[in-house]
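**Student:** this is a predicted model, with the sequence first.
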2 protein chains.
Amino acid sequence: MVNGLHTPATESGRRIVISVDAMGGDRGPAAVVAGLALSVAAHADVDFILHGKEAELSRLLAKETGLAGRVTLRHADRIVSMQDKPSQVMRNGDGTSMWSCIESVKQGEAKVAVSCGNTGALMAISMIRLRRLPGINRPAIASLWPSRNAVGFNVMLDMGADVKAEAGDLLQFAMMGASYARNGLGLTRPRVGLLNVGTEEHKGRAELKEAHELLGAAAESGSFDFIGFVEGSDIPSDRVDVIVTDGFTGNVALKTGEGTAKLISDFLREEFNASIFSRLAALFALGTLRRLQRRMDPRRANGGVFLGLNGTVVKSHGSADATGVAAAIGLARQLAAADFQDRLAARVASAARAGQDDATDKAPSDAASGSGGGTTE
Amino acid sequence: MVNGLHTPATESGRRIVISVDAMGGDRGPAAVVAGLALSVAAHADVDFILHGKEAELSRLLAKETGLAGRVTLRHADRIVSMQDKPSQVMRNGDGTSMWSCIESVKQGEAKVAVSCGNTGALMAISMIRLRRLPGINRPAIASLWPSRNAVGFNVMLDMGADVKAEAGDLLQFAMMGASYARNGLGLTRPRVGLLNVGTEEHKGRAELKEAHELLGAAAESGSFDFIGFVEGSDIPSDRVDVIVTDGFTGNVALKTGEGTAKLISDFLREEFNASIFSRLAALFALGTLRRLQRRMDPRRANGGVFLGLNGTVVKSHGSADATGVAAAIGLARQLAAADFQDRLAARVASAARAGQDDATDKAPSDAASGSGGGTTE
């Protein structure tokens, strides 16, 4: 229940294994191990495979009694740095903790991978080791965005897996984003909007007009409502659940939103520090300001999910502290518990069959086991 | 001095005429006339040509004694609505207050035009009546963005004149944006950044890599510092003065920033209204919160400037109230007083001559008159 998201019921006794890259984040392995400690306190059904320098990690783990018996260490000598180019890591990444982390998902030892490392490198390794789902042209990164919706978040994608997207890619983003909103936020029929510079149908780039047609036609079989074009100001609104855009625009929007929130919070701090009287007022307002901070806390929504691969990868913010890491792990756990990967794959496969039969997110294994109670498809 | 911008010295006795579209804003002509009244109180050297329905405007003007003798009415029967398509207005816009407003600049009766109306229509009319400056491929809309810089604002363009931009267009945006920052914000040597999804040189779209080369090569002759790629989070920062991007990305970023600021302000209000105690705290914090609000007030930075035409046009926010209209007029006045249009044209012309001689923003007329004291070129 970390980060307030929808938590589906799981079969009792079922263990969820999450593969975690301990290295490569801005705060080093200590923040990651502290995040694991917070996670096991919140989730009794989670175990970890932790990848990185064994000696260092052993020392850190020894201090966390709650983690005893819950973590399998996997030694990796090398670390992908934030400066490494994706193309280099793709060729020479074998032996890094990031590569090893993805490998555990590929081999089926773990259901989801989590890393705080270099985004481009993580996507590159994920692409070559996990490969794209059949029918997917461009994988995407989906993020949660604080919003006025009842669940407190919207889903937005692509946040930067690729710098461009054709109309057909935007359609796949819509299908995958809707599936994520169903399994991650518990929304039965997500409302999907296409990001543009105006809501009128004649506006925007050519590929957006074409995507508008495609999304309208696919909404019924994709089990989502297509609400048409939305603007930047609609991103945090309650009229849309899933915002679809190319990775260039999505990345700029995400960082612009973060930058604006940071500017306001800095200005607020400066104004409350401006005089003795305002500092006194801040004391009175402390509880209120803390509630606001919690509501806007980017750590609560930490975790970009890579969609469109044969395996689920959660990219945590590079600067994540223990709380942020625990939020990313909470998201990974929840997607694993919802059998999200199988449902997404089934949805993509049925979309590739072009609506010839009745498509659902339900994975065959899931339908057979009769589980999935509490989770909408 | 409305909106805290740099105000250059003007020759004593010189009158500045601004052409104002009274119709087409969300709040109607009453808000515009109230804005004029605020403006004449702040600026003794400004006169207006006001375009719209004469009978209605006469009634409104009669109530504002401060405007007596300062406003010339120009009747226009028709109004461009927010729903009108630019292409239609381009063909059939003659006789509208917006068309008439631009015509006054074309005829040389007024130095700058101001309108709260439909952005697309205003750009369309401006394009066909004023025409592009020689050498300009795509005009751009430049906006001011609240920032940590000493002047309190950064310049960003294009905010939506066109949905795309080639590398050569981005170079022209940089030249024009730097000229605007010199004349609008009083910065001698603006720092120009190119918006991208990362600051590394290998990142981003092909046209951005090409533009990176072009801007680097043009910085010296364009009298700006090129700081390379910037990200969305840098937009409100103090490491850049002019942010260059295409109109699609700029428009999404602008609306995302506005939407984020609105979300935080709504959350802040909700939290301060949550309980009796928090409402009491709000009373104590009232002065502080008002100072914050003033610092982030979008009305202070109201006015997108159309750059790259034979005439300067200021687009006010459609929902502008009297304060917002006065800010847009203050910006128009300041650009007129700085002879911005002549300086920009000279700068564009010299850039078109491709740095063969020493380029400055100084217009020949300005250099001849020996004025320009206090304004950097």
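**Tutor:** Nice, thanks for sending it over. This one's a predicted model, so the numbers in the text were calculated from it and none came from an experiment.

**Student:** where along chain A do the strands fall?
**Tutor:** Remark: strands assigned in chain A by DSSP state E are A:16-21, A:46-52, A:71-75, A:112-115, A:140-146, A:153-157, A:191-195, A:225-230, A:242-244, A:304-307, A:312-315.

**Student:** quick one, the first one and strand A:46-52 angle?
**Tutor:** With axes from the mean of the first three to the mean of the last three Cα atoms, to 10 degrees as the criterion, the two stretches strand A:16-21 and strand A:46-52 enclose an angle of 20 degrees.

**Student:** dump strand A:16-21 to CSV, restricted to CA.
**Tutor:** This file holds the C-alpha atoms of strand A:16-21, laid out as CSV (Å, rounded to 0.1, in the frame of the first residue of the first chain):
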residue,chain,number,x,y,z
ILE,A,16,6.6,-12.4,-5.3
VAL,A,17,10.3,-12.1,-6.3
ILE,A,18,11.6,-8.7,-7.4
SER,A,19,15.0,-8.2,-9.0
VAL,A,20,16.7,-5.0,-7.8
ASP,A,21,19.8,-3.2,-9.1
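
**Student:** for it, which helices and strands make contact with it?
**Tutor:** Judged by 3 or more Cβ pairs under 8 Å, 6 or more residues apart in numbering or on different chains; DSSP states H and E, the packing partners of strand A:16-21 are helix A:28-42, strand A:46-52, helix A:97-106, strand A:112-115, helix A:322-337. Every residue, glycine included, has its C-beta placed from N, CA and C.

**Student:** ok, back up a step: could the strands of chain A be laid out in CSV, adding mean neighbour count and mean pLDDT?
**Tutor:** Putting those into CSV (neighbours: other Cβ atoms under 10 Å in any protein chain shown; pLDDT from 0 to 100) gives the following:
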stretch, mean neighbour count, mean pLDDT
strand A:16-21, 26, 97
strand A:46-52, 24, 97
strand A:71-75, 17, 97
strand A:112-115, 29, 97
strand A:140-146, 25, 93
strand A:153-157, 28, 94
strand A:191-195, 26, 98
strand A:225-230, 19, 96
strand A:242-244, 30, 98
strand A:304-307, 26, 95
strand A:312-315, 26, 96
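
**Student:** any chance of those in JSON lines, with distance to A:A31 too?
**Tutor:** Output for the strands of chain A, formatted as JSON lines (distance: least, Cβ to Cβ, whole Å):
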{"stretch": "strand A:16-21", "distance to A:A31": "12"}
{"stretch": "strand A:46-52", "distance to A:A31": "12"}
{"stretch": "strand A:71-75", "distance to A:A31": "15"}
{"stretch": "strand A:112-115", "distance to A:A31": "13"}
{"stretch": "strand A:140-146", "distance to A:A31": "20"}
{"stretch": "strand A:153-157", "distance to A:A31": "23"}
{"stretch": "strand A:191-195", "distance to A:A31": "33"}
{"stretch": "strand A:225-230", "distance to A:A31": "35"}
{"stretch": "strand A:242-244", "distance to A:A31": "30"}
{"stretch": "strand A:304-307", "distance to A:A31": "18"}
{"stretch": "strand A:312-315", "distance to A:A31": "15"}
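
**Student:** count of neighbours near the closest residue to A:L292 other than its chain neighbours?
**Tutor:** Using Cβ to Cβ, 6 or more residues apart in numbering or on different chains and skipping the chain neighbours, the partner closest in space to A:L292 is B:E271 (4.9 Å). Using other Cβ atoms under 10 Å in any protein chain shown, B:E271 has 22 other residues around it.

**Student:** same thing with A:E213?
**Tutor:** So A:E213, with other Cβ under 10 Å, has 12 neighbours.

**Student:** follow-up on the earlier one: I figured the residue nearest to A:L292 hits A:R290, correct?
**Tutor:** No - taking Cβ atoms under 8 Å as the definition, B:E271 is not a contact partner of A:R290, at 9.2 Å.

**Student:** give me the number of neighbouring residues for A:V40.
**Tutor:** Around A:V40 there are 21 other residues, counting by other Cβ under 10 Å.

**Student:** which residues touch it?
**Tutor:** A:46, A:66-67, A:70 (Cβ atoms under 8 Å, 6 or more residues apart in numbering or on different chains).

**Student:** report the two of the residues you listed separated the most.
**Tutor:** A:V46 and A:G66 (11.7 Å; Cβ to Cβ).

**Student:** what's the closest non-adjacent residue to A:S233?
**Tutor:** Using Cβ to Cβ, 6+ apart, the closest residue to A:S233 is B:G259 (3.8 Å).

**Student:** test my guess that that neighbour contacts A:G232.
**Tutor:** Yes - with contact defined as Cβ under 8 Å, B:G259 and A:G232 form a contacting pair (5.9 Å).

**Student:** and for stretch A:200-220, what's in contact with it?
**Tutor:** The contact list for stretch A:200-220 (Cβ under 8 Å, 6+ apart) reads A:165-168, A:170-171, A:174-175, A:192, A:194, A:196-198, A:225-226, A:228-229, A:244, A:351, A:355, B:85, B:163-164, B:248.

**Student:** ok, now with 7 Å
**Tutor:** Stretch A:200-220 is contacted from outside by A:166-167, A:170-171, A:174, A:192, A:194, A:196-197, A:225-226, A:228-229, B:85, B:163-164, B:248, using Cβ atoms under 7 Å, 6 or more residues apart in numbering or on different chains.

**Student:** stretch A:273-289 too?
**Tutor:** Contacts of stretch A:273-289 with the rest of the structure, by Cβ under 7 Å, 6+ apart, involve A:271-272, B:271-272, B:278, B:281, B:284-285, B:287-288.

**Student:** for chain A, which helix is longest?
**Tutor:** Longest helix of chain A, by residue count under DSSP state H: helix A:247-272.

**Student:** since that was my last question, I'll sign off now.
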